[in-house]
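requesting a structural model of the entry that follows:
(chains A and B)
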Protein chains: 2
Amino acid sequence: MLTVEQAVQAKAIELGKLSIRATTAAKAGHPTTALSLTHLVTELLYRVMRWDPAHPRAPGSDRLVLSEGHAVPIIYAACADLGVTITPHGQARPMTHDDLMALRDIESPVDGHPNPEVGFPFFDAATGSLGQGLSVAAGLAAAARLDGIDKTIYCIVGDGESREGQIWEAMDFIADHELTNVVAIFNCNTLAQSDYVSPAQDWVHLQHKAEAFGWTALETDGHDPAKIDHVLRNRTALAKGKPLCIVARTVKGWGVPDLGGMGHHGTAVKQEQLEAVLATLDRLGREFGVEGADPEDIEKLLQITPPPETPPLQVNVSTPASLSAVAHENATIASALRDKKMMSPRRAYGTALKMLGAANPHIVALDADVKNSTYAQDFAAAFPDRYFEARIAEQNMVSAAAGLASGGKIPFVSTFGRFLERAFDQIEMAIIGGANLKLVGTHIGVTLASDGPSQMGLADVAFMRAFAHVRDSHGNPAMTILTPSDGVSAYGLVLAMAETSGACYLRAVRSDLPVLYPEGENFPLGAHKIVRRAQHEGAGCRLVFVASGYLVHSCLKAAKILEDDGVDAAVVDAYSLPANVPAILALAGDKGCIIAVEDNYVGGLSSELAETAATIKAAPAIYSLTVERIPKSGRSADDVLHYVGIGVDDIVETARHRIQPAV
Amino acid sequence: MLTVEQAVQAKAIELGKLSIRATTAAKAGHPTTALSLTHLVTELLYRVMRWDPAHPRAPGSDRLVLSEGHAVPIIYAACADLGVTITPHGQARPMTHDDLMALRDIESPVDGHPNPEVGFPFFDAATGSLGQGLSVAAGLAAAARLDGIDKTIYCIVGDGESREGQIWEAMDFIADHELTNVVAIFNCNTLAQSDYVSPAQDWVHLQHKAEAFGWTALETDGHDPAKIDHVLRNRTALAKGKPLCIVARTVKGWGVPDLGGMGHHGTAVKQEQLEAVLATLDRLGREFGVEGADPEDIEKLLQITPPPETPPLQVNVSTPASLSAVAHENATIASALRDKKMMSPRRAYGTALKMLGAANPHIVALDADVKNSTYAQDFAAAFPDRYFEARIAEQNMVSAAAGLASGGKIPFVSTFGRFLERAFDQIEMAIIGGANLKLVGTHIGVTLASDGPSQMGLADVAFMRAFAHVRDSHGNPAMTILTPSDGVSAYGLVLAMAETSGACYLRAVRSDLPVLYPEGENFPLGAHKIVRRAQHEGAGCRLVFVASGYLVHSCLKAAKILEDDGVDAAVVDAYSLPANVPAILALAGDKGCIIAVEDNYVGGLSSELAETAATIKAAPAIYSLTVERIPKSGRSADDVLHYVGIGVDDIVETARHRIQPAV
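Residues are numbered from 1 along each chain as shown, chains lettered A, B, ... in the order given. Predicted structure coming up:
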């Protein structure tokens, strides 16, 4: 009879061979990294984790986040062996060996890197851009704790990827929030892609680093089943109240000397060498005394513990109150709305978020040390358990939010719009993984003025709009961009984004803005508002200003000035991207003229309008004013608007110049 | 007579008062952070650093990088006091107290955060988006070492910003490359914006973290001139051969108890409280026995040591050889060009970079563990001293490159285009600071196929193009995007980007592509090539495909297929953004039709064409094919191109559908 260690060895060899076979079939992939994890993954998936292959997303299940996504063939091998549920084209069924051999095929859910959205629900998030998985694990752990579920989130991190700063942001975050239900496993196989890892990334230094970041760090032999099992099973006692980090010494290309050393990173074994390589692993099986072991014996020894039943999650969503209802209880809001008739969109964001928090227990919030600027502090004060201070570390914040979303929460993530740029990679990974992410960027645009260009969100729209015309796996826009022009619309849009499933980005200027809309106005995504109608509208109006946010007010001022010239201009608040472009173009008519004004670099509203207009022969002309010069500090918004060429005067001049031929 | 410590105290109080006055005048800024640095900055700028206020950029000068950019008023105060050279509107003159009081004015070079480009050459790079300065310092240090200059780069990092992962990437990079000419000073004032810093960021933990990252970390009292002076002057002996990190315990709002604690982060002292606050500092001066001290006595004690003379830098630039000349010496290149007639643009990049390296000693290269994929390895092998392996840490890589650029080098920075996204914030800061940065992103677009969306650069064009229509301080495009369609154009464009002053981004697919161009062809920035001419070109041709990179070849295939339908289509290789759009539109004529095809999300070439076309009544219609679905892995480029709707068939179908009405 086999020992349990022998059973693990036999399974590890089997999974290693499957990983090699699959990557050879795909003619691509990373079999050597997979081999370095074969014992760790076998121990986790077959012995230590409490889970159910038929229900990989069961709420009570322990989770495994593979931060070094390119090692994924070893996970696929295990999932094929265990018949883990996959959902190709939306149809759930157990994974087979044929599925494994279809690795990286266009029809297959077995993608090049982990991605739940292609039909592989075992994964909680897309990984593959390195250094992000530990943050995702932190988010999953935080969600589990909020739900009162006792489960462990394991995260495998490569020693190569430990160089990414985000790993250390996550180490800090997990220690800060005492997320001791995370176990980080550093796979120290000493080899990155192009070279050996730096001495700064060897297992000794990683252990020191982890300890300096407030973790308990234990070293183990990543190919010794007994040692791995010991440290994983005794993790709570060994961790001594801190988060636990396991520094596992492993061998890249384990078991196949010919695949060791440099030059075997992202290379599949060639078909003609396949049998020889597999035979090497078989010989190893002979050494371990497991060659030809009865699969039933192995199965008996490797029993997976099912997850505990979890109580049904509390869902108690009621419609949030409107801003005017809030005003009854909040003197500042009431005064802003009724007396001053001025309110900052970010102020409305804080209020709306707090209202949402009261209505829906799954709303959570994260902020990066600017909660007093974004007004996330309103939520933080009301719901401290559901607020996660991420400190000045935006990358970890966004990936942790993706983890929280995967754990069933609706995360609102706020910082200056400019600083969300720090996490664009993480935002794209969250989008790929289908995360229900609500991003809020405040202090956007040049009207921030005094702080200068390092603090102004100006390239945010171009980046986010790249995803606005990409369909996610449900056929919806992968990103919706919302720019409110007053407190009422900000409040309404925050509620709307909470109700939408999918990624949204709300952009809010710092300034107070005049209240434009009546209380209770509805702001559907994908629509716009006509805030000033021109009198000759019936036949298609001649001049239409299109803007969002602060610049809606600038355009209203410009329209008023032009009125004295006898020019009647409509003004559209295009608060949503993607926009209903045909409807906006129709306002100007085929002989009309649209002037789109943007408080950002090119790639936003003007492009949105022009791309559609350029396909239509009878479209209005579209002129755009965007920020075409790197701004600098100024003491007033007007100073900087003028400096970059989008002041009210610039808008009026453009209109006069452009409509002249038509007069 | 005063002691030197008293002189420092007197100067520190004077600079503190000036910082408060300036921020009060601007009604904005961060006087309390400035006060926490008043002794450290006084010691550095008046005693320790070897530099010349009249020539702040003298090559031999020690440098100060203020990573926590919002603390800048204390630097401005010192610069006003010392009459440091500033260059408002390009005119050099000494800074005055009036300049200081114009802080954040639209006409002033004294911006809200450090920025050399507005006329403040004391700074080497723009800072203010946190966590980037230590990487810039690393780049400056590396440049100094290459030039054989013995100078020290000091970098002040906030304890709040120490949470940014990039700080730890920089710590690793500096230790790896033994850049012991960097001294990092952590300003531990215990307060971030919205809260006290986490215990993980206190001075004890920062010291442990720095030591775990291979640095010598020394604690000091950041308000004790003698202690600061001791550690800075004895830095080499104290560092013991490692990079030195000074953990300075400081007080936010030093000297003014009313400005201590929370709630005083980004808030200027109100005008009506100004005199009372300044009086508090005066009373402190009395305690130190320096009230009313003779400025001449202080000046005598605080003598700045001028920088050493440096030998003139070697400049020995000769025109690099053409690719065919390279082919004479390199059998692989020769075979690729002449026999296979196939070459990957990234292969040509590696070759061109190596040629440039031979021609110009100021060319340096950085790569993030993929040098064997990007072919930066060709340069690394030939010029190991000028190659900086940045490991898997893209943010530090880009900011370090900005530092190298500021140090007079021409840095080429390569990784997968997808992973440059990790550093978009850093790229924007480099652009703001005017860095001469050459970015190279390989493996871009869906034709990467097998590895899946986590590895494909698809939103890169939209982001980079946001800057392509922004003028930098010299009136040039702040970014030029170049997408070669074969090895010859890749080679030519790498040479062209080296010759251009300013930020460029070269995008290279992974695949080998057929050679399209004859040897020696010229590729000016801002231009395009007509790679297939249509016969009815004289009167404006009916159908024009516009693409770049891989898709130029797809369009040529589509044109060939359409030829059999009797449809004659031109094909344009629009390898450069910004593009010469009017010339491209003219090819189609006002009755023509342009089909733009892009291997990226919306926001690139189609938008570029449409934005101009929408302003012209008699423009051709522009239809676009972009990636409108999140891709997945596929085993061939064709599989994934088809999956996202931009295969050759899709192009042909679109053409047939669109030109139908015109037939």
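
element containing the one residue in the stretch 1-150 of chain A that gets nearest to chain B, please.
Closest residue of the stretch 1-150 of chain A to chain B, CB to the nearest CB: A:Gly128 (3.0 Å). (Glycine included, C-beta is placed from N, CA and C.) Counting by DSSP states H and E, no helix or strand carries A:Gly128.

what does the stretch 501-650 of chain A put close to chain B?
A:600-603, A:606-607, A:609-611, A:613-617, A:619, A:621-624, A:626-630, A:632-635, A:639-640, A:642-643 (CB under 8 Å from any CB of the partner chain).

name the residues of the stretch 201-350 of chain A found near chain B, please.
Residues of the stretch 201-350 of chain A lying near chain B (CB under 8 Å from any CB): A:201, A:205, A:208-209, A:211-214.

next, the buried residues of stretch A:89-106.
Using 16 or more other CB atoms under 10 Å in any protein chain shown as the test for burial, stretch A:89-106 gives A:95, A:99-106.

in CSV, list those residues along with pLDDT.
Output for the buried residues of stretch A:89-106, formatted as CSV (pLDDT from 0 to 100):
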residue, pLDDT
A:Met95, 98
A:Asp99, 98
A:Leu100, 98
A:Met101, 98
A:Ala102, 98
A:Leu103, 98
A:Arg104, 98
A:Asp105, 98
A:Ile106, 98
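
give me the low-pLDDT residue ranges for chain A?
A:314-321, A:328, A:536-541, A:660-663 (pLDDT under 70).

which segments of it make up each domain?
A:4-301, A:342-514, A:529-659 (the TED database).

for B:Met464, find the nearest of these.
Taking CB to CB, domain A:342-514 is the member of the domains of chain A nearest to B:Met464, at 8.8 Å.

what is the neighbour count of the closest residue to chain B within the stretch 101-250 of chain A?
Proximity of the stretch 101-250 of chain A to chain B (CB to the nearest CB) peaks at A:Gly165, 2.1 Å away. The tally of other residues near A:Gly165 (other CB atoms under 10 Å in any protein chain shown) stands at 28.

equivalent analysis for A:Thr280, please.
15.

can you check A:Gly241 too?
9.

list the residues that contact it.
With contact set as CB atoms under 8 Å, 6 or more residues apart in numbering or on different chains, A:Gly241 has these partners: A:Thr180.

try it again at 10 Å.
A:178, A:180, A:216 (CB atoms under 10 Å, 6 or more residues apart in numbering or on different chains).

confirm it sits in a helix?
No: checked against DSSP: H, G, I helix; E, B strand; the rest coil, A:Gly241 lies outside a helix; its state is coil.

could you find the closest non-adjacent residue to the spatially most central residue of chain A?
In chain A, the centroid-proximal residue (CA atoms, centre = their mean) is A:Ala430; its distance is 2.7 Å. Distance criterion CB to CB, 6 or more residues apart in numbering or on different chains; nearest residue to A:Ala430, sequence neighbours excluded, is A:Ala402 at 4.0 Å.

from chain B, how far out is that neighbour?
Counting by CB to the nearest CB, to the nearest Å, the gap between A:Ala402 and chain B amounts to 13 Å.

equivalent analysis for A:Ala569, please.
Separation of A:Ala569 from chain B (CB to the nearest CB): 18 Å.

burial measure for that residue, as a count.
Neighbours around A:Ala569, by other CB under 10 Å: 27.

dump the residue contacts of it.
Counted by CB under 10 Å, 6+ apart, A:Ala569 has contacts A:532-534, A:541-545, A:555-556, A:558-563, A:593, A:595, A:651-652, A:655, A:659.

follow-up on the earlier one: neighbour-wise, which one of the contacts of A:Gly241 leads?
Result: A:Thr180 is most packed of the contacts of A:Gly241 (other CB under 10 Å), 21 neighbours.

who touches the residue of the stretch 351-500 of chain A found nearest chain B in this structure?
Nearest residue of the stretch 351-500 of chain A to chain B (CB to the nearest CB) works out as A:Ser454 at 3.0 Å. Residues near A:Ser454 by CB under 10 Å, 6+ apart: A:416, A:418-419, A:633, B:69-70, B:111-115, B:126-130, B:132, B:425, B:428-429, B:432-433.

which of these count as buried?
Judged by 16+ other CB under 10 Å, buried ones among the contacts of A:Ser454: A:416, A:418-419, A:633, B:69-70, B:111-115, B:126-130, B:132, B:425, B:428-429, B:432-433.

give me phi/psi at A:Lys591?
phi -100, psi 0 (degrees, to the nearest 10).

against B:Ala381, how distant is the residue nearest to A:Val509 when sequence neighbours are not counted?
Leaving out its chain neighbours, the residue that sits closest to A:Val509 by CB to CB, 6+ apart is A:Tyr550, at 4.9 Å. As defined by CB to CB, to the nearest Å, A:Tyr550 lies at a distance of 53 Å from B:Ala381.

which of those two has more neighbours?
Taking neighbours as other CB under 10 Å, A:Tyr550 and B:Ala381 compare with A:Tyr550 leading, 25 against 12.

do I have it right that that one meets A:Leu641?
Yes: using CB atoms under 10 Å, A:Tyr550 is in contact with A:Leu641, at 8.6 Å.

which residues touch A:Ala478?
A:428, A:431-432, A:434, A:464, A:466-472, A:502-503, B:601, B:628-630.
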